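In: below are the sequence and a predicted model for it; my questions follow.
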Amino acid sequence: MSAAPAYSYYPERVPEHERKARISVVPGRGTRTQPASLPSNVVFLAKAVAVVLVVAALVAFVRIGLMSATVSTTMSSTQLSSQISDARSSGAALEVSQSALSNPTKVKQQAGKLGMAAPEATGVIELGKDVVATDESGALSLSKSIAIAAGAGA
């Protein structure tokens, strides 16, 4: 025997069914599975505009590069021109100084201002034969020099 009662004092409850929404079908076109595509001429036009923009950007970059190279070359040319001008003016000043210093009258005047005077007498000093000798390679030779000195002194 089981422990379950044979009858129940409570009426059995009937499970309540949930109400389902009614679906009504309308005949017609089905849903699209692919999105609508643009016409081919619009796609071509968009690609053409993109290519034109890329080409314009490349041309602009090349132009900027050439302009910067031109500016740097112009600046270095200007600097070289100023250096050439400075060198020419220095050369002209040196030519004037050289011509003034090579003039004997001017030299005598400058020497007089410094307290210098012409010598009263001049003399000549004669040196004997040089005792320094060199070998075939052009280096100094001590042994040859001693031999010459010994022969000159004897």
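Out: It's in.
In: from here on, contacts and neighbour counts on C-alpha atoms
Out: OK.
In: distance of L66 from V54?
Out: 19 Å (C-alpha to C-alpha, to the nearest Å).
In: now stretch 91-102: mean pLDDT?
Out: The average pLDDT within stretch 91-102 is 91.
In: buried set for that stretch?
Out: For stretch 91-102, a neighbour-count test (16 or more other C-alpha atoms under 10 Å) marks nothing as buried.
In: repeat that for stretch 60-70.
Out: Buried-residue list, stretch 60-70, by 16+ other C-alpha under 10 Å: empty.
In: for the helix or strand of the chain with the lowest mean pLDDT, which positions count as buried?
Out: Between all helices and strands in the chain, the lowest mean by mean pLDDT, DSSP states H and E belongs to helix 142-153, at a mean of 79. Residues of helix 142-153 classed as buried under the neighbour-count rule (16+ other C-alpha under 10 Å) are S145, I148, A149.
In: for the second one, list the residues it contacts.
Out: I148 sits next to V131, V132, A133 when contact means C-alpha atoms under 8 Å, 6 or more residues apart in numbering.
In: what's the distance between it and T70?
Out: From I148 over to T70 (counting by C-alpha to C-alpha), the distance is 71 Å.
In: same question, the first one
Out: Between S145 and T70 the distance is 67 Å, computed by C-alpha to C-alpha.
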